[in-house]
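Enquirer: Sharing a model prediction with you, sequence too.
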Amino acid sequence: MTTHSSTTEAAGEPARGEDRQGFDEITILWISEGMSCDGDTVSLTAADQPSIEDLVLGLIPGLPKVNLVNKVLSPSLGGEDFLAPYRAAARGDLAPFILVIEGSIPNQNIIKGDGYWTSFGNDPETGEPQTLNSWIDDLAPRAWAVVAAGTCATFGGIHAMAGNPTGSMGLADYLGWDYRSQGGLPVVNVPGCPIQPENFMETLIWVLYHAAGSAPPPPLDHMLRPQWLFGRTVHEGCDRGSYYEQANFAKDYNSPKCLVKTGCWGPVVNCNVPKRGWMAGIGGCPNVGGICIGCTMPGFPDAFMPFMDEPPGGTLSSLAIKPYGAVIRRLRGVTNELVNHEPKWRHNKRKLTSGYDPHYRP
Amino acid sequence: MTTTEARAAERKPPQIVDMSWDPITRIIGNLGIYTKIDFANREVVECHSTSSLFRGYSVFMKGKDPRDAGFITSRICGICGDNHTTCSDYAQQMAYGVKPPMLAEHIVNLGEAAEYMFDHTIFQDNLVFVDFCEAMVKATNPGVLARAERTAAPRGDIHGYKTIADIMRAFNPFEGEIYKEALKVSRVTREMFCLMEGRHVHPSTLYPGGVGTMPQPTAFTDYLSRLMRIIDFIKKAVALNDDVFDFFYEALPGYEEVGRRRVLLGCWGAFQDPKVVDYRYETMNTWGKAMYVTPGVIVDGELVTNNLVDINLGLRIMLGSSFYEDWVNEDPFVTRDPLGNPVDMRHPWNQTTVPVPQKRDFDGNYSWVMSPRWLDPRTGDHLALDTGGGPLARLWSTALSGIVDTPYVKATGDSVRISLPKGESLPETTLEWRIPKWSNTIERDRARPYFVAYAAAMSLQFLEEAMGLVRSGDTKVFENYEVPDEAIGCGFHEAVRGVLSHHLVIKDKKIANYHPYPPTPWNASPRDKFGTPGPYEDAVQGQPIFEENGPDDFKGVDIMRTVRSFDPCLPCGVHMYVGKGKTLTTMHSPTYGANHG
Ligand code: SF4
Ligand code: SF4
């Protein structure tokens, strides 16, 4: 295999659920006020295996009763009324809860004076917008588990790309990669831009089984991704793979052949979408004619741009494909390693190092 | 703006209360509505709309490969990302001088049609309609609910519900029949979308120059069979909505004033005609008018223009209440358009975005949203156009222009006729949307299911033409090109909730400037430098309040309905009540009330 597949130490609560009393009821506090497009919430409503209604209505056996607080689906009132459970959790009056964060975390530390990049309701003391960062500071230490939904929240994603003005980063960059929740878990990262609906639901449900005391914690890889979903590459699940093997490459997007020369990063990207499809087995990326742009990866988007050109090293590995074997796997391993890291400018320091220049003229 | 002169005659001494809703269960980002309500005279006297999210696409696109623009800008919106990719590809195709093959245009049209069907359905039935459902009407206007129980539904033979109250019950969240069915339909339509564009929200198979979607007959068969499964749901949705909205006018006389604005509508057009479009700026007026949704600016009921060149040149981005530095002193990127017309410094081609985070001040700067306006050449006014939530402007503009004439959809000059074939339980049906008397909350909402029918009908034509090409062996879906050293481009399209434009400047084969203008900045804009309020502000400000509750248990349902009628970008959460208001003591005191948890 060309990718990391070892279970991370990080998922290290004693793995035997039966040692611990499970919860009968748990609240999910979902905040999508990160730097995001809210596409992960929307994607979630596409899940049908199982669906969000199934979860909320208690139709999945063995789970605790789930109180989902998410603005799309919550029948609660908005404004302060909507914020009430979040405020209660921040005070320590609501437990246990799972905190789901959607969107990248901007760097408030680079703002001089007042102002904010993004907020969630108003601060009751000042009446000014209450920053996302202050919510995370209040909620993360009290959360039983923390789940990052989508590549923005996991690794920073689009809003953290080179030249961004907000100093955005992923949740684990913000909390520290050694963060542990009340339940002993690291941040559970479900990348994808947006999340593949069923990948997210399945992970959430595993965490809930764990909360019920009937499952060990989900096995995560070194980037805190569920191993069974992100353990293999796009390429390994792509139905154009046999073209690749025969060194039969598409010259443009009119072709059903392997897309590596027109920009597909599948060989070094950890993602199961070509195999699983996008929803209910339909759609996807290289399998239906879209190049893989690496949207689940820590290095996304910068490491994969320009998207529509052949990835560096693509020629080498596609030329060498005939005598394929150990060499290719090693080369791939190197590239995979490379794109499995975030750029250095994603941090919470007082300085913006993303290369931001609003007055850019070539 | 709403006028309530009749009521003015019997004015009581005002009893003004600050009421705010923040977060309003969301747009792409964070929307807050801050109002002052006169409970003695039951009207909203002031409204500010604010957004507290900055993300900076126009900044971090600079210096990147222009071909990446569609992939990146998709991420602006988590529900209509594909509209951005499509619009970006239109702008790039102009800049690169490339015309995608016919089949690619059909595939894009089919994807966009599925998007409209999906998004409008989940928004209207699962979110907007909660404001009209039994539980909500009971909590806000019990008298109206009692009347609904006694009122027979005029179109019951189509949708099967006996009384208006039965319909309202079917929309109760999670329990109601239509609520649940709509969630399922929203999945089927998304599957249709994925067949054409790979993934929803952010498509994987759209490229400048065409698509990568494999044009096998199977893709079209799979799309058609799904469409036919939902075609009767669409016919019923129109009938259900008409019944409830007609009832509201009748049960609450004066309800037409809720959310009413001057007719100031903009539509940038959708669904290219593959036989006409060549993406050249010089011919944009011709291919723009050939779109299957006709672009147009409508002022006080009159069509000012449906020429995309005029529309383009009239765009102005204003500051006034936004957290940005002005760019007047920067060098312009574009001084003349390709036809030689002068381009203004406040045009998106020349904009430079410099964010300045600061405190929120309703007397000064209070929003991350800028104020897009359209300069009316006849009057010199900078118009705060709205999108009517999308469908209202699209149908109005198409109807007035009277150009669209296809087997399934026909514009007549004052209406649009839409024919849908026979489905499982309902016969072939022709629907007619007529230009309404008002641009108000109810008509914005009513237009939405009609546009779902419109998109469904157009997709039948696109399917037939696409299959015709495939059967004749013409399966080319992508055209190659070179990225030029220097070029400009613009794309005009309709996101689900209204006007969408992308403006692009290329220098040294890199993006020198890029400005996307989605519908929400138009609708949610704050006061501009002339003091003109944005459309949400304008529609809410001055509107009457029909809710029976007083300040202590006020839900704000009439205000919610108005804001939501514009489709604030996401299928957003359901209600936005903050609890008890606080009688006005200082100007900007926020209101707090909820104390559970
Ligand atoms: S299209 Fe991409 S993922 Fe599929 S075989 Fe080729 S390189 Fe691998
Ligand atoms: S295949 Fe590539 S582009 Fe598609 S979802 Fe996976 S990582 Fe993203």
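Expert: Arrived safely, thanks for sending. Ligands and ions are numbered 1, 2, ... in the order given.
Enquirer: residue ranges of the helices in chain A, please?
Expert: Along chain A, the stretches classed as helices by DSSP state H are A:39-44, A:52-56, A:79-91, A:132-139, A:151-155, A:171-175, A:197-212, A:227-230, A:241-245, A:273-276, A:314-319, A:326-339.
Enquirer: and those, which is most packed in?
Expert: helix A:151-155 (a mean of 32; mean count of other Cβ atoms under 10 Å in any protein chain shown). C-beta: built from backbone N, CA, C; applies to glycine.
Enquirer: Which strands and helices lie in contact with it?
Expert: With contacts taken as 3 or more Cβ pairs under 8 Å, 6 or more residues apart in numbering or on different chains; DSSP states H and E, helix A:151-155 sits against strand A:97-102, helix A:171-175, strand A:188-190.
Enquirer: Helix A:197-212 and the helix or strand harbouring B:L195, what's the angle between them?
Expert: Using DSSP states H and E, B:L195 sits within helix B:177-197. In terms of direction (axes from the mean of the first three to the mean of the last three Cα atoms, to 10 degrees), helix B:177-197 departs from helix A:197-212 by 130 degrees.
Enquirer: So in that sheet, which strands flank the next helix or strand after helix B:177-197, and in what orientation?
Expert: The first helix or strand that comes after helix B:177-197 along the chain, using DSSP H and E, is strand B:206-207. According to DSSP bridges, the neighbouring strands of strand B:206-207, each with its direction, are strand B:210-211 (antiparallel).
Enquirer: for the next helix or strand after the partner strand, packing partners?
Expert: Read in the C-terminal direction, the helix or strand following strand B:210-211 is helix B:217-251, with elements assigned using DSSP H and E. Contacts of helix B:217-251 with other secondary structure elements, assessed using 3+ Cβ pairs under 8 Å, 6+ apart, are made with helix B:102-126, helix B:142-150, helix B:156-159, helix B:164-170, helix B:177-197, strand B:415-420, strand B:429-434, helix B:441-471.
Enquirer: I'd like the helices of chain A as a markdown table, with distance to ligand 2 and mean pLDDT appended.
Expert: Written out in a markdown table, the entries for these read as follows (distance: least, Cβ to the nearest ligand atom, whole Å; pLDDT from 0 to 100):
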| stretch | distance to ligand 2 | mean pLDDT |
| --- | --- | --- |
| helix A:39-44 | 11 | 92 |
| helix A:52-56 | 21 | 85 |
| helix A:79-91 | 31 | 89 |
| helix A:132-139 | 25 | 96 |
| helix A:151-155 | 8 | 97 |
| helix A:171-175 | 19 | 97 |
| helix A:197-212 | 9 | 96 |
| helix A:227-230 | 9 | 96 |
| helix A:241-245 | 13 | 89 |
| helix A:273-276 | 4 | 95 |
| helix A:314-319 | 15 | 57 |
| helix A:326-339 | 10 | 79 |
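Enquirer: closest one to B:G390 among the ones you listed?
Expert: The minimum distance between B:G390 and the helices of chain A falls on helix A:39-44, with 16.7 Å, by Cβ to Cβ.
Enquirer: packing partners for the closest one?
Expert: Helix A:39-44 makes packing contacts with strand A:145-149, helix A:197-212 when contacts are defined by 3+ Cβ pairs under 8 Å, 6+ apart.
Enquirer: what about B:T430, how many neighbours?
Expert: Neighbour count for B:T430, taken as other Cβ atoms under 10 Å in any protein chain shown: 12.
Enquirer: What confidence value was assigned to B:P571?
Expert: Model confidence at B:P571, given as pLDDT, is 27.
Enquirer: Any stretches of chain B with poor pLDDT?
Expert: Residues of chain B meeting the criterion pLDDT under 70: B:1-9, B:24-30, B:52, B:569-597.
Enquirer: Get me the contact residues on it for ligand 2.
Expert: B:S204 (Cβ under 6 Å from any ligand atom).
Enquirer: just to revisit the earlier point, can I get the helices and strands packed on helix B:217-251 in TSV with distance to ligand 1?
Expert: Rendered in TSV, the data for the helices and strands packed on helix B:217-251 read as follows (distance: least, Cβ to the nearest ligand atom, whole Å):
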stretch	distance to ligand 1
helix B:102-126	19
helix B:142-150	56
helix B:156-159	46
helix B:164-170	45
helix B:177-197	17
strand B:415-420	39
strand B:429-434	44
helix B:441-471	23
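Enquirer: Please identify the most buried of the ones you listed.
Expert: The highest mean neighbour count among those belongs to helix B:102-126 (a mean of 27), with neighbours defined as mean count of other Cβ under 10 Å.
Enquirer: In terms of secondary structure, what does the next helix or strand after that helix contact?
Expert: Sequence order places helix B:134-140 as the next helix or strand after helix B:102-126, per DSSP H and E. The contact analysis (3+ Cβ pairs under 8 Å, 6+ apart) places helix B:134-140 against helix B:142-150, helix B:164-170.
Enquirer: so what's B:T73 closest to, chain neighbours aside?
Expert: Among residues not flanking B:T73 along the chain, B:H84 sits closest, at 4.4 Å (Cβ to Cβ, 6 or more residues apart in numbering or on different chains).
Enquirer: For the helix or strand harbouring the one you found, name the packing helices and strands.
Expert: Secondary-structure assignment from DSSP H and E places B:H84 in helix B:81-96. Packing contacts for helix B:81-96, counted by 3+ Cβ pairs under 8 Å, 6+ apart, involve helix B:69-73, helix B:102-126, strand B:206-207, strand B:487-495, strand B:498-507, strand B:510-517.
Enquirer: tell me the angle it makes with helix B:177-197.
Expert: 30 degrees.
Enquirer: Please work out the angle formed by the directions of helix B:81-96 and strand B:510-517.
Expert: With the same axes, to 10 degrees as the criterion, the two stretches helix B:81-96 and strand B:510-517 enclose an angle of 130 degrees.
Enquirer: report the angle between the axes of helix B:81-96 and strand B:498-507?
Expert: Using the same axes, to 10 degrees, helix B:81-96 lies at 40 degrees relative to strand B:498-507.
Enquirer: buried sites along helix B:81-96?
Expert: Burial within helix B:81-96, assessed by neighbour count using 16 or more other Cβ atoms under 10 Å in any protein chain shown, is assigned to B:81-96.
Enquirer: before we move on, what about stretch B:273-290?
Expert: Judged by neighbour count using 16+ other Cβ under 10 Å, the buried positions of stretch B:273-290 are B:273-274, B:277, B:279, B:281, B:284-285, B:287-290.
Enquirer: What of stretch B:336-349?
Expert: Going by neighbour count (16+ other Cβ under 10 Å), the buried part of stretch B:336-349 is B:337, B:343-349.
Enquirer: then stretch A:136-151 to CSV, C-alphas only?
Expert: As requested, C-alpha coordinates have been extracted for stretch A:136-151 and formatted as CSV (Å, rounded to 0.1, in the frame of the first residue of the first chain):
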residue,chain,number,x,y,z
ILE,A,136,-14.0,27.0,20.5
ASP,A,137,-11.9,28.1,23.5
ASP,A,138,-15.0,27.7,25.7
LEU,A,139,-16.4,24.5,24.2
ALA,A,140,-13.5,22.3,23.2
PRO,A,141,-12.2,21.7,26.8
ARG,A,142,-15.7,20.5,27.8
ALA,A,143,-16.6,18.5,24.8
TRP,A,144,-16.8,14.7,25.1
ALA,A,145,-15.7,14.5,21.5
VAL,A,146,-14.8,16.9,18.8
VAL,A,147,-15.4,16.2,15.1
ALA,A,148,-14.0,18.4,12.3
ALA,A,149,-16.4,18.2,9.3
GLY,A,150,-14.8,18.9,5.9
THR,A,151,-11.3,19.9,4.7
